[in-house]
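Asker: Provide a 3D model corresponding to the input given below.
(3 chains)
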Amino acid sequence: MEMPDPELNPPQAEAVAHVEGPLLVFAGAGSGKTRVITYRIANLVARERVAPWRILAVTFTNKAAGEMRARLERPDMLGAVAKDLWVGTFHATCAKFLRLYPEAIERTKGFVIYDGTDQKAVVTRALRDLDLDEKRYAPKQVLGRIHKEKQEGRGPEEMSLDSYLDDAIKKAYVRYEQALKAANALDFEDLILGVVRILEADKSGQYPVEVLQAKEALEKKFDYILVDEFQDTNTIQYRLLQRLAARTRNLCVVGDDDQSIYRWRGADVRNIRGFRRDYADAKVVKLEQNYRSSKRIVSSALAIIASSATREPKELWTDNGDGSPVRVIATADERDEAACVVRAVKDARDAGISPREIAVFYRVHAQSRVLEEALRSVNIPYQIIGGAKFYERAEIKDAIAYLRVLVNPRSDVDMLRIINTPPRGIGNTTVERVATYASTQGFSIFQALERLDDFAEDVGSAPKKRLGQFRELMRGLINEAKNRPPADVLRMVLAKSGYKSVLDAEDSAEAEGRLENLAEFEGSMHDYATEAQARGEEPTLEGFLERVTLQSDTDNMSEQEKITLMTVHGAKGLEFELVLLTGMEEDMFPYRNQEPRNAEEMDEERRLAYVAVTRARKHLVITHARQRQIFGTTRLGVPSRFVGDLPPNVIEHLETPAARSAGSAGRWIDRGSSGGFGDHTAPTSSRPRTGGGASAPASSRSWQHPQRGAAATSEDGGGWGAGPSVHRKPAAPARQPGERFVELDEDAGGSHGNVRLRRGMPVTHERFGRGEVLQVVQSSDPAVVAFFPGWGEKKVLARFLRFG
DNA sequence: GCTAGCCCCCTTTTT
DNA sequence: GGGGGCTAGC
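Answerer: Numbering: from 1, shown residues only, chains lettered A, B, ... in the order given. Take a look at the predicted model:
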């Protein structure tokens, strides 16, 4: 078992060779981070003779974990001994440990993990039980708050009560926790928090022996801990790491503050600074050489991230060649954009680029449909990551609910889901009665059914009979499920519950689709069984269910000859030869729904754009549309401020014919000298490229950098709603990055700047004074028909109005 | 008790 | 545009 002799640059080698004590690695995009982590692990095992099972490597996704393990298992790395490493996500790792000591967190062996939908169902019930108005306390909001508290490591008792609503939220939190415990269930946060609580138990005598035993085992468990994507850890995860590493302090964290894109779900970049504070003696290594992308791509990325407010000082650079220009293509609308993507993909394929090396990114899933349609219509194979999730389809959730009840009959969320699915004459009223009886007696639904006679007077004789039949069905299934392969259990459940026959009888395309999905689901159970056996594990229903809940969309990415469509978030950690970044318009990317973004949110959008751009190795194509239909409305779009940030000397502006005829003046622009694949966008009629700054002629598509400098100062969207823009040229028909656009509702609404318009909304016009919107007129320069007292109905351009 | 239709809302999403 | 949740009416 010899260490490979990798070619590492000096900082990489430094990080790999570091053995004892804390280590902080700043790993710029494409700087060979994965390589450093794997080599470091190999070094620990092969050279430092550390037992592999005493090393924990935490990754961001299961896929990343699988790849890391696969690399380490290669014969030229560690080979078979790598199997003993603990490699996994925070959640999978904690679940694995808690399965060993479920009593320490007041659960039993078969505990289930509730996903977001299940969690929401529990909260909704809790709110109902507490008689809290669902309007005032939206389940989603309350759940969000509970998560936040948990991510910060606070139970209901430690909650800070800031507003008058918090009292109720605290009650809901308490109830939620009770319900999970009663159901022998955990949510995602519980996995982390549970382990932290074990580790933080003291010997004061108030903790049961199970907890102290688990604590002792866990404290001794790991000698070396490595964490990838550290910038996206949250408070509780960082606390977990600190506790796990308390004994040895051999904690190595790897991250890049510029790629922190999960603040909205609790991730805290400040953990990086916290690490420096908490481990003042930590060795700090910066990986700044990018091996992935061309110079043009790297400088584009740097230009985007440069104006981010808080950054660790570092400079990404590359030795790679200039590469082909970054193409920025103006398109007429989302269909034209999709057509443009199709052409680019075809050209790339013709140029010999493998489809698996091509990715199409967008900011929100809603953008994917049009792209999918376009690709399908020309038979370009694609895979789409995320979006309508397979496991969230009703029939799959139903099947999972049945399976989970078999493993864990106390799981009420699941019982409530299947008790009348397929319809078996047990209506809401009956279900509510059972649920009420159960909760007042402290029973689970299933336990309540076992005591059906005790509350028989509450339900009529017919419902009682049906409840009895359902109970017998479930008893039978539980019995027969024992010692059967998971896929067999599923087939049995679908047959005996009547689920399959109901779908069979329906004879509709929709039912057909559901049956296909269930067949696919069964296939995934077979896959799981095969994989488990390959690892030398017994395939179990519990194991399968855990995998289903803890797996991510990217985990299912295939290596087929297909191009990949995904959100920018999904693209983290990946790389492609060609990246097509679509929808680069203000308010699409940076995305904004209703509220204006604050500076922090804008910074996160910026980092997201940085992540998107740095995924590309050789070619980067950025598209934007002048007009876009999304969420049922048409928006007029101006190029994203991030496009405006790109250095003029690396980009090439192009325009589709449709964009040209639809939009303002402008022509195909092509330097002719551009490398890269096909030149589909380049009719020969070209005029000199606009470049060199603000002196570009106003009539051309000169928006690439008309207001450099100004844009940087209005970073948080200060121009929005703050009256006429401070950094745009109002006279030019060509719109500027950062300029406001108008969103039009079908007949009566829309938004202008950060204002969402409705019919009847008050507006103010400089000459006509205050009025009321009657109609919105969609055109390249949108207008409204409004009624102004004293003037009557007037059609005025939206950009001359103030709203309110 | 069931279901058709209506209304509302809409980031990103791991796990 | 489309999915999910709720209501009203059968």
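Asker: quick one: A:V773 and A:G637, what's the gap?
Answerer: The gap separating A:V773 from A:G637 is 22 Å, by CB to CB, to the nearest Å. Just so you know, the C-beta spots here come from the backbone N, C-alpha and C atoms, and that holds for glycine as well.
Asker: Tell me which of these two has more neighbours.
Answerer: A:G637 (27 against 22; other CB atoms under 10 Å).
Asker: My guess is that one contacts A:F589. True?
Answerer: No - in this structure A:G637 lies outside contact range of A:F589 using CB atoms under 8 Å: 10.0 Å.
Asker: overlap in contacts of the two?
Answerer: Listed as contacting both A:G637 and A:F589 by CB atoms under 8 Å, 6 or more residues apart in numbering is no residue at all.
Asker: list the contacts for A:L503?
Answerer: A:E395, A:A511, A:R514, A:L515, A:L518.
Asker: no wait, A:K496
Answerer: By CB under 8 Å, 6+ apart, the neighbours of A:K496 are A:L473, A:G476, A:L477.
Asker: which one among these gets closest to DNA strand B?
Answerer: Nearest to DNA strand B among the contacts of A:K496: A:L473, at 15.2 Å, using CB to the nearest atom of the strand.
Asker: The helix or strand harbouring the closest one and DNA strand B, any residue contact?
Answerer: Element membership of A:L473, judged by DSSP states H and E, is helix A:461-481. Yes - against DNA strand B, helix A:461-481 shows contacts by CB under 7 Å from any atom of the strand at A:P463.
Asker: State the phi and psi torsions of the residue of the stretch 601-750 of chain A found nearest DNA strand C.
Answerer: Closest contact between the stretch 601-750 of chain A and DNA strand C, by CB to the nearest atom of the strand, is at A:G632 (2.1 Å). Phi and psi for A:G632, reported as degrees, to the nearest 10, are phi 80, psi 0.
Asker: ok, it - how many residues close by?
Answerer: For A:G632, the count of nearby residues is 8 (other CB under 10 Å).
Asker: next one: A:R128
Answerer: 14.
Asker: and the helix or strand where it lies, what other elements does it pack with?
Answerer: Secondary-structure element containing A:R128, defined by DSSP H and E: helix A:116-129. Under the contact definition 3 or more CB pairs under 8 Å, 6 or more residues apart in numbering; DSSP states H and E, helix A:116-129 sits against helix A:139-151, helix A:166-182, helix A:412-418.
Asker: Just want the most central residue of chain A.
Answerer: The centroid of chain A falls nearest to A:H569 when counting by CA atoms, centre = their mean (5.4 Å).
Asker: any idea how far the residue nearest to A:E542 when sequence neighbours are not counted lies from A:T108?
Answerer: Residue nearest to A:E542 in three dimensions, not counting chain neighbours: A:V407, with 5.4 Å by CB to CB, 6 or more residues apart in numbering. Distance from A:V407 to A:T108, counting by CB to CB: 11 Å.
Asker: So for stretch A:465-477, mean pLDDT?
Answerer: Mean per-residue pLDDT for stretch A:465-477: 92.
Asker: Just the residues contacting that stretch, thanks.
Answerer: Stretch A:465-477 is contacted from outside by A:402, A:405-406, A:409, A:419, A:424-426, A:430, A:434, A:446, A:449-450, A:452, A:459, A:492-493, A:496-497, using CB under 8 Å, 6+ apart.
Asker: got it, and stretch A:188-199?
Answerer: The contact list for stretch A:188-199, computed with CB under 8 Å, 6+ apart, reads A:90-91, A:94-95, A:97-98, A:101, A:104-105, A:113, A:115, A:147, A:150-151, A:153, A:180, A:186, A:211, A:214-215, A:218-219, A:236-237, A:239-240, A:243-244, A:246.
Asker: ok, 7 Å please
Answerer: Applying CB atoms under 7 Å, 6 or more residues apart in numbering, the external contacts of stretch A:188-199 come out as A:90-91, A:94-95, A:97-98, A:104-105, A:147, A:150-151, A:153, A:186, A:211, A:214-215, A:218-219, A:236-237, A:239-240, A:243.
Asker: Next: stretch A:155-175.
Answerer: For stretch A:155-175, contacts defined as CB under 7 Å, 6+ apart pick out A:V123, A:A126, A:L127, A:D129, A:L130, A:L132, A:Y137, A:V142, A:R145, A:I146, A:E149, A:E177.
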